[in-house]
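Student: how would this look folded up:
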Amino acid sequence: APDDTDLVDGMRKDFKDAMDSYEAFYDSYIEFLKSYDAGNLTMLAEYTDFISKAADMDQKFSEWESEDLNDAELAYFIDVQARVNKKLLELE
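Tutor: Now for the predicted structure:
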């Protein structure tokens, strides 16, 4: 288990990196969806960028050693999920 000097805001760095990557991916994807125009072929290039971002997010989650979450990590997980879900709901 990491000691307090290995933690970022009370969280393991690999966990925080994974969650930050997850939120950043959804932030940019939501912005893409807000401006989506099926007739705009340049959006296809933007969409392929999301494949790269999704791969980065997957890499961050694979680097995270999925141990039980500590209290700070659980709170951050819930906070990030709530923010992402709120933004997704606002798309409708």
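Student: Give me the buried positions along the helix or strand hosting Phe77.
Tutor: In this structure, Phe77 sits in helix 71-89 according to DSSP states H and E. Across helix 71-89, burial judged by 16 or more other Cβ atoms under 10 Å covers 72-73, 76-77, 80, 84, 87. (C-beta placed from N, C-alpha, C; glycine too.)
Student: Report the distance from that helix to the chain centre.
Tutor: Distance of helix 71-89 from the chain centroid (Cα atoms, centre = their mean, to the nearest Å) equals 10 Å.
Student: could I get that helix in CSV with only the CA atoms?
Tutor: The C-alpha coordinates for helix 71-89 follow below in CSV (Å, rounded to 0.1, in the frame of the first residue of the first chain):
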residue,chain,number,x,y,z
ASP,A,71,-12.2,7.2,0.9
ALA,A,72,-10.7,10.0,-1.2
GLU,A,73,-10.8,7.8,-4.3
LEU,A,74,-14.4,6.8,-3.8
ALA,A,75,-15.4,10.4,-3.3
TYR,A,76,-13.5,11.4,-6.4
PHE,A,77,-15.0,8.5,-8.4
ILE,A,78,-18.5,9.5,-7.4
ASP,A,79,-17.8,13.2,-8.1
VAL,A,80,-16.4,12.5,-11.6
GLN,A,81,-19.3,10.1,-12.5
ALA,A,82,-21.8,12.7,-11.3
ARG,A,83,-20.3,15.5,-13.4
VAL,A,84,-20.0,13.3,-16.6
ASN,A,85,-23.6,12.0,-16.1
LYS,A,86,-24.9,15.6,-15.7
LYS,A,87,-23.2,16.7,-18.9
LEU,A,88,-24.6,13.7,-20.8
LEU,A,89,-28.1,14.4,-19.5
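Student: What lies in contact with it?
Tutor: Contact with helix 71-89 is made by 7, 9-12, 15-16, 19, 22-23, 26-27, 30, 69, as judged by Cβ atoms under 8 Å, 6 or more residues apart in numbering.
Student: Just the buried residues of the helix or strand containing Asp17, please?
Tutor: Using DSSP H and E, the element containing Asp17 is helix 13-34. By neighbour count on 16+ other Cβ under 10 Å, the buried set for helix 13-34 is 14-19, 21-23, 25-26, 29.
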